[in-house]
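Peer 1: predicted model, plus sequence, below.
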Protein chains: 2
Amino acid sequence: MDWLDSITWDAQGLVPVIAQEAGSGDVLMFAWMNREALALTAERGQAVYYSRSRRRLWHKGEESGHFQQVHSIRLDCDADVVLLTVTQLGHDPGIACHTGRHSCFFNKFVGGSEPDWAEAEPVLKDPDDIYKK
Amino acid sequence: MDWLDSITWDAQGLVPVIAQEAGSGDVLMFAWMNREALALTAERGQAVYYSRSRRRLWHKGEESGHFQQVHSIRLDCDADVVLLTVTQLGHDPGIACHTGRHSCFFNKFVGGSEPDWAEAEPVLKDPDDIYKK
């Protein structure tokens, strides 16, 4: 599949992936894909990542039910970063983060005399309820 | 500066950074920062990255004039990815990509019997005119 050869995979055979919500434009999460993950994502129309910690394919939502429907796949100028536009399924509003928040980017920098990070997004669902088995 | 210690820097002392345009929500580019770059970004309110190829700080716009005014800095749940919202300065509409395009993510996946990437954004300014010295 030639289109996969266009990508500059890193030394681990991975490419960084940004998932952006269609409509809102919110950046939901950042993860990685290997060749198989990207091929499956295109084939299924649902995001399949590669988990570096678990060292295996990770069909986003396989545990949480929070699947991502993929609308478009883009590649950057250096062919080494992928951008997905997705609909975050399984909850309304969508929960992309394992903490139960809409987006993983919920820590906001606050400057001033004591610069620090502040939580800027609410937990929409308790992770214990998302991942209970 | 404690807020910089909150970040999980990678083995090279870097963190991946996504730059998103304020207003449009367009994801413009993806780059890297080291500790000094992020400190300078917060201090100046303009994006300063770390160029892995040139192995030095890279004040975005230093050659092109296409500086990025930074409105917010966010950190993800694992504290290992940064998201900036920016205004892309120097041209209207903004040019973030070294190819003279608005966004670096101009290659769009087109499925079907012969899946491939297609250029989906116009060149707004000839790179020879952007980088001529």
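Peer 2: Alright, I've got the coordinates.
Peer 1: next, count neighbours for the closest residue to residue A:60 other than its chain neighbours.
Peer 2: With CB to CB, 6 or more residues apart in numbering or on different chains as the measure, residue A:47 is the residue that lies nearest to residue A:60, at 4.6 Å, once sequence neighbours are left out. Just so you know, the C-beta spots here come from the backbone N, C-alpha and C atoms, and that holds for glycine as well. Other residues near residue A:47 come to 28 when the count uses other CB atoms under 10 Å in any protein chain shown.
Peer 1: hmm, residue A:72 is touching residue A:85, no?
Peer 2: Yes. Counting by CB atoms under 8 Å, residue A:85 is a contact partner of residue A:72 at 4.7 Å.
Peer 1: more neighbours: the two, which one.
Peer 2: residue A:85 (19 against 15).
Peer 1: contacting residues around the more buried one?
Peer 2: A:20-22, A:70-72, A:74 (CB atoms under 8 Å, 6 or more residues apart in numbering or on different chains).
Peer 1: which one of those is nearest chain B?
Peer 2: residue A:74 (4.2 Å; CB to the nearest CB).
Peer 1: pLDDT at whichever residue of chain A sits closest to chain B, what is it?
Peer 2: Closest to chain B within chain A is residue A:25: 2.5 Å, counting by CB to the nearest CB. We have a pLDDT of 98 for residue A:25.
Peer 1: isn't residue A:6 right up against residue A:75?
Peer 2: Yes. Counting by CB under 8 Å, residue A:75 is a contact partner of residue A:6 at 7.0 Å.
Peer 1: are there residues contacting both of the two? Which ones?
Peer 2: residue B:117.
Peer 1: between these two, which one's more packed in?
Peer 2: Relative neighbour count places residue A:75 above the other of residue A:6 and residue A:75, with 23 against 13, counting by other CB under 10 Å.
Peer 1: tell me, how many neighbours does the nearest residue to that one once chain neighbours are set aside end up with?
Peer 2: Nearest residue to residue A:75, sequence neighbours excluded (CB to CB, 6+ apart): residue B:107, at 4.1 Å. With neighbours defined by other CB under 10 Å, the count for residue B:107 comes to 23.
Peer 1: please apply the same query to residue A:118.
Peer 2: 9.
Peer 1: hmm, it is touching residue A:112, no?
Peer 2: No. Counting by CB under 8 Å, residue A:118 stays clear of residue A:112, with 11.1 Å between them.
Peer 1: looking at chain A, which helix or strand is least sure?
Peer 2: helix A:127-131 (a mean of 92; mean pLDDT, DSSP states H and E).
Peer 1: packing partners of that helix?
Peer 2: For helix A:127-131, there is no helix or strand it packs on, judged by 3 or more CB pairs under 8 Å, 6 or more residues apart in numbering or on different chains; DSSP states H and E.
Peer 1: how far is that helix from where the chain is centred?
Peer 2: Centre-to-centre, helix A:127-131 and its host chain are 18 Å apart (CA atoms, centre = their mean, to the nearest Å).
Peer 1: picking that back up, which element is the residue lying closest to the residue of chain A closest to chain B once chain neighbours are set aside on?
Peer 2: Ranked by CB to CB, 6+ apart and with sequence neighbours excluded, the top spatial neighbour of residue A:25 is residue B:25, at 2.5 Å. Residue B:25 belongs to no helix or strand when assigned by DSSP states H and E.
Peer 1: touching, residue B:25 and residue A:24? I think so.
Peer 2: Yes. Here residue B:25 reaches residue A:24: they are 7.4 Å apart, a contact under CB under 8 Å.
Peer 1: so who does the nearest residue to residue A:76 once chain neighbours are set aside touch?
Peer 2: The shortest distance from residue A:76 to any non-neighbouring residue, by CB to CB, 6+ apart, is to residue B:104 (4.2 Å). Contact analysis of residue B:104 by CB under 8 Å, 6+ apart lists A:76-78, A:81, B:28-30, B:96-97.
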